[in-house]
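[1] Structure for this input, please:
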Amino acid sequence: MLTPQIPLAFILVALIFALVEYQWRKRGGVGYSFGSLGANLGIMLGLGVSRAITSGLIAGVYLVIYAFAPIKWDMANPLTWVAGFFVLEFFYYWQHRFSHTIRWFWAAHSVHHSTNEFTLPAAFRLSWFSAFAGNWIVLSPMVLLGFHPLILGTLLVINLRYQYFLHTEAVGKLGPLEWVLNTPSHHRAHHGSNSEYLDTNYGGVLIIFDRLFGTFAEEKDDNPVVYGLTKPLKSHNPITINFHEWRNLVNDAWHSQTLPELWHAVFGRPSDGPYRQRGPRRASDPAISRVSNPVQRALVDSRSRKII
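    Below is the predicted model:
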């Protein structure tokens, strides 16, 4: 996407918050998986290489599209940026929703949902192949509406930086802000593999489009979120994490017997294939071993001791 390399200042801020979160989890007896942390950092390094290669190409496509825009918004006008913020939120909602409901997009996006531990560094667990998957195309109508690609890119960076701080168990519900903003509570539900939480809360900074389009789900205290894929991925290998769902997709496509089967294997809902990576499950499902282990119980108990 139109996202530059992560600046040093943000890395330092992210590191400070991650250390605070680590101490909170340690004091609460929740535990901390350094294997998962290593996977997150490895994926982040590969992501930097991937974006260095692809960001310029995507920016070039957006500039070509912008040339055909019938009107062009004045970049010097503050109202352009305000309007652009809401327009981007709208298209980001649909891009994110398609990333969960179209398997080709999900093959890339599943990397982000593969973490079985919900911590701030997990925000950097993003696919190396997002540009190849092409979900950035869903944002292109914003450029055709006359918003310069620089506006799109800048607002998208702000959107994604904000979402870093949503990936935590340490912050409880935020009162009236829960009605308008995407919050850590809403994003925990989004990352849940429980049947009640699957494919919900797609917003970036705002949660209003989820409420408007019927995809909102509230995090429930009596239904603890179970993180990860519905078929949990246990590997901490960044290569395995990035390729596992593409391998499943190719396998299903290869074994398709008819054109409709092939279409569903590649572009159907992610649960259409035999791997059923998005099949629903509940936190009470006995097959989900980590719900009943001491770490998970400590995590549930710790919610009464959130920082905020």
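[2] what residue ranges in this protein score low on pLDDT?
    In the predicted model, the chain carries pLDDT under 70 at residues 1-6, 272-308.
[3] In contact with the residue minimising distance to the centre of the chain, which residues?
    The residue lying closest to the centre of the chain (Cα atoms, centre = their mean) is H112, at 5.4 Å. Taking Cβ atoms under 8 Å, 6 or more residues apart in numbering, we find H112 in contact with 122, 125-127. Any C-beta I mention is one placed from the backbone N, CA and C, and that applies to glycine too.
[4] Equivalent analysis for V143, please.
    Neighbouring residues of V143 by Cβ under 8 Å, 6+ apart: 62, 65-66, 69, 149, 152.
[5] Buried ones only from those residues, please, as a PyMOL command.
    With 16 or more other Cβ atoms under 10 Å as the criterion, this PyMOL line picks the buried residues out of those:
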select buried, resi 62+65+66+149+152
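[6] Report the two of the contacts of V143 separated the most.
    Maximum pairwise distance among the contacts of V143 (Cβ to Cβ): 11.8 Å, between A69 and L152.
[7] For stretch 201-213, buried residues please.
    For stretch 201-213, by 16+ other Cβ under 10 Å, it's 201-210.
[8] Can you give me the buried ones in the helix or strand encompassing N242?
    Using DSSP states H and E, N242 maps to helix 238-254. For helix 238-254, a neighbour-count test (16+ other Cβ under 10 Å) marks 238, 241-246, 248-249, 252-253 as buried.
[9] what about the closest residue to V61 other than its chain neighbours, neighbour count?
    Excluding the flanking residues, the one nearest V61 by Cβ to Cβ, 6 or more residues apart in numbering is S140, at 7.5 Å. Using other Cβ atoms under 10 Å, S140 has 18 other residues around it.
[10] For S140, list the residues it contacts.
    Each residue near S140 by Cβ under 8 Å, 6+ apart is listed here: 61-62, 65.
[11] Ok, L126 next?
    L126 makes contact with 43-44, 47, 111-112, according to Cβ under 8 Å, 6+ apart.
[12] again, only using 6 Å
    By Cβ atoms under 6 Å, 6 or more residues apart in numbering, L126 lies in contact with 47, 112.
[13] Next, find the distance separating it from F34.
    Going from L126 to F34 by Cβ to Cβ, to the nearest Å gives 20 Å.
[14] now L229: how far from F124?
    Distance from L229 to F124, by Cβ to Cβ: 18 Å.
[15] An error on my part: the question was meant for G134.
    In terms of Cβ to Cβ, G134 sits 21 Å off from F124.
[16] How about N135?
    Distance from N135 to F124, counting by Cβ to Cβ: 18 Å.
[17] which residues of the stretch 101-250 of the chain fall in helices?
    103-109, 130-133, 140-144, 149-164, 184-190, 208-213, 238-254 (DSSP state H, counting those that start in this stretch).
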